Structure formats: structure tokens, C-alpha cells
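In: One predicted model, sequence on top.
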Amino acid sequence: MFLGTHAPRLDDKGRLVLPAKFREGFSNDVVLTKGQDLSVVMWPASEFQIYAQRLREASRNDARVRSYLRVFFSSAFDDQIDKQGRITLPTPLREYAGLDRDVIVVGADTTIEIWDPKAWSTYLAVAEPKFAATAEEVVPGIF
């Protein structure tokens, strides 16, 4: 489980040193994809395979499903964490998420999200006030 928020920097080659506590949750193999809300999602390869299997169950007769699958899989990159605990964020994903030097790395349970700091702040400004009110809708039976 990946938890917490960190603020590392990308180096000149677009590499990100993962926070040490996040490295423990990965084997060396990772998959990077476009995420919702203009973020980059980093998956342990095993979690990506589980999610991909769930996507295979969706009906390809639905145009929304076909569109999602095309964008999702065509934007995916596989990578390995190097000995220094770094991954390389491919240029198309950096451009999609507006990532430059400073980034925000967010633990999101089974994945990690990588955000532009301004985009993360903007997202939180909208999402946090709604957080308490949506708990019952998101997690049935919690209250």
C-alpha cells in the first residue's frame, strides 16, 4: 500500500528518484500510464496486469470503452527501477501531466500518482472540501 505525499524533483533526463518508502512496494518492473486529472500513474507491473484483466471484461461495443482502452494502453510505458531507485518519465507522459522539474508524488493505495505541483494544489482545493461529505457514497456502509 502506497501512502503519503512527497515533493521530489526530476533530473535533467526526466528521471525521478522514488521516495524510499515507495521503492519497497515495487519489484523492479513498473508501468507508467496517463492518469485521470492530468497525472501520471505508476503501477507495480503485477497491479497493472490485474487492472488490465478487469479492463478486458468491459464491452468493446461501447465507444467509451474503446476510447478509454486506446488512450490508456497506447500511453503506457514499461520501465524498471534502477539501482539508485529512479524511474524515467517518458516525454509524452511528462507533457501530458505538465511535469517540469518539481513534482508531487502521491501514494494512492496500489499505485503512485505523479502530479505537477500547481495541478495538485488546484485539485486539492476542489476535492478536500468535498472529502468528508463523500465518504458514505464512496465506501458503502461506512456510516
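Out: Great, that's in hand.

In: shaky segments in the chain?
Out: Residue ranges of the chain with pLDDT under 70: 135-143.

In: Sketch out the strands for the chain, chain order is fine.
Out: Along the chain, counting by DSSP state E, strands occupy 5-6, 15-17, 29-34, 40-44, 77-80, 86-88, 104-108, 111-115.

In: Thought Thr91 was touching Phe77, still the case?
Out: No. Here Phe77 does not reach Thr91: they are 10.2 Å apart, not a contact under CB atoms under 8 Å. To be clear about C-beta, it is placed using only N, CA and C from the backbone, and glycine gets the same treatment.

In: So the two - more neighbours on which side?
Out: Shown here are Phe77 and Thr91; by other CB atoms under 10 Å, Phe77 has more neighbours (15 against 10).

In: Next up, the contacts around the more buried one.
Out: Val31, Leu32, Thr33, Pro90, Leu93 (CB atoms under 8 Å, 6 or more residues apart in numbering).

In: mind redoing it with 6 Å?
Out: Going by CB atoms under 6 Å, 6 or more residues apart in numbering, Phe77 touches Leu32, Pro90.

In: beta partners of the residue sitting nearest the centre point of the chain?
Out: Closest to where the C-alpha atoms of the chain average out (CA atoms, centre = their mean) is Val41, at 1.7 Å. Under DSSP bridges, the beta-bridge partners of Val41 are Thr33, Glu113.

In: so it makes contact with Thr111?
Out: Yes. Contact between Val41 and Thr111 holds when scored by CB atoms under 6 Å: they sit 5.1 Å apart.

In: Kindly present the strands of the chain as CSV, with separate columns for distance to Pro129.
Out: What follows is the strands of the chain, written out as CSV (distance: least, CB to CB, whole Å):
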stretch, distance to Pro129
strand 5-6, 18
strand 15-17, 30
strand 29-34, 26
strand 40-44, 24
strand 77-80, 34
strand 86-88, 33
strand 104-108, 18
strand 111-115, 19
